[in-house]
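**Student:** have a look at this prediction, sequence included:
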Amino acid sequence: MLDTLLHRGRRKQLIEQLSKKYQFKKEILDAMGRVPRHMFLEYGLDLLAYQDKPLPIGAGQTISQPFTVAMQTELLGLSKWDKVLEIGTGCGYQTAVLAELGYRVFTIERQRALYQLAQKNLNRLDYHSPTQFYGDGFAGLPKFAPFKGILVTCGAPEVPSALLEQLAIGGKMVIPIGNGTQTMTVIERSSEKEYFKSEHGAYKFVPMLEGTEQ
Ligand code: SAH
């Protein structure tokens, strides 16, 4: 699939729409304006890609709504070169947005088919910097910790303790918490032992599940 003038036009409209819904940082909207969301989706969904809606990506999972991608990225509050861990690679779209922002990206997916889909999507679009892992996000990536940002793109029943430990002091975790409907939650680590929690509205994500799936 190509990034045609039609796709570019629709993408521009989507970004304008997002900018009216919330005052996102310009660099975030610019980054999303550079990532061809339709090229992460299967053929036939391409003209739906620039509506502000979640869409199916296979294996019973969905690509997050663009507004949610922008908001989670905004809440992370990261700068270029910061190290970020994403839980739930899915089709790799959010991963690409983080890479466009110049963050050092690590991402984990528990379903092998999606891990492979994201690998294919990211390689084809020349996003070679993110490091992808097939594994269980509940464990995080202790070998690569600490992370300045941790972004969970699935609904967690509670905050995984391994992820709290892997958060850098001064870093933030953005995590939707709850079963069914989730509360977007930001957890900021202010010292070795202190964490501050803030809540940022209701969302609906696919669930964060334990273990891996072939
Ligand atoms: N960021 C993705 C969103 C995909 S939906 C995108 O832009 O497409 C959330 C993803 O989280 C799903 O692919 C699901 O398989 C994955 N997931 C759920 N529980 C997980 C876990 N414990 N570890 C890693 N990934 C998980």
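**Tutor:** Thanks, I have the structure now. Numbering: from 1, shown residues only.
**Student:** outside of the longest strand anywhere in the chain, which residues touch it?
**Tutor:** Under DSSP state E, the strand in the chain containing the largest number of residues is strand 167-177. Residues outside strand 167-177 that contact it (CB atoms under 8 Å, 6 or more residues apart in numbering): 72, 75-77, 83, 145-152, 154-159, 163-164, 182-192, 203, 205. The C-beta positions use only the backbone N, C-alpha and C, and glycine is treated the same way.
**Student:** touching the ligand at all, it?
**Tutor:** No: Strand 167-177 stays clear of the ligand (CB under 6 Å from any ligand atom), getting no nearer than 10.1 Å.
**Student:** what's the first helix or strand after that strand?
**Tutor:** strand 182-189 (DSSP states H and E).
**Student:** residue 60 contacts residue 206, correct?
**Tutor:** Yes: if you go by CB atoms under 8 Å, residue 60 and residue 206 touch, sitting 7.5 Å apart.
**Student:** more neighbours, these two?
**Tutor:** Using other CB atoms under 10 Å, the more surrounded residue of residue 60 and residue 206 is residue 206, with 17 against 9.
**Student:** which residues touch that one?
**Tutor:** Residue 206 makes contacts with 60-62, 154-155, as judged by CB under 8 Å, 6+ apart.
**Student:** one step back: out of the contacts of strand 167-177, which are inside helices?
**Tutor:** 72, 75-76, 163-164 (DSSP state H).
**Student:** highest neighbour count among the residues you listed?
**Tutor:** Counting by other CB under 10 Å, top hit in the ones in helices among the contacts of strand 167-177: residue 72 with 25 neighbours.
**Student:** that residue contacts residue 154, correct?
**Tutor:** No: with contact defined as CB under 8 Å, residue 72 does not reach residue 154; the gap is 11.5 Å.
**Student:** the strands in this structure, which residues?
**Tutor:** 55-58, 61-63, 83-87, 104-109, 131-134, 147-152, 167-177, 182-189, 195-203.
**Student:** now do the buried residues in the fifth one.
**Tutor:** Using 16 or more other CB atoms under 10 Å as the test for burial, strand 131-134 gives 132-134.
**Student:** is it possible to export those residues to JSON lines including pLDDT and distance to residue 174?
**Tutor:** JSON lines is the format used below for the buried residues of strand 131-134 (pLDDT from 0 to 100; distance: CB to CB, whole Å):
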{"residue": "132", "pLDDT": "98", "distance to residue 174": "20"}
{"residue": "133", "pLDDT": "98", "distance to residue 174": "19"}
{"residue": "134", "pLDDT": "98", "distance to residue 174": "22"}
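**Student:** reformat those residues as TSV; add distance to residue 99.
**Tutor:** Putting the buried residues of strand 131-134 into TSV (distance: CB to CB, whole Å) gives the following:
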residue	distance to residue 99
132	11
133	15
134	19
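**Student:** out of these, who's near the ligand?
**Tutor:** Applying CB under 6 Å from any ligand atom to these, one finds that nothing falls near the ligand.
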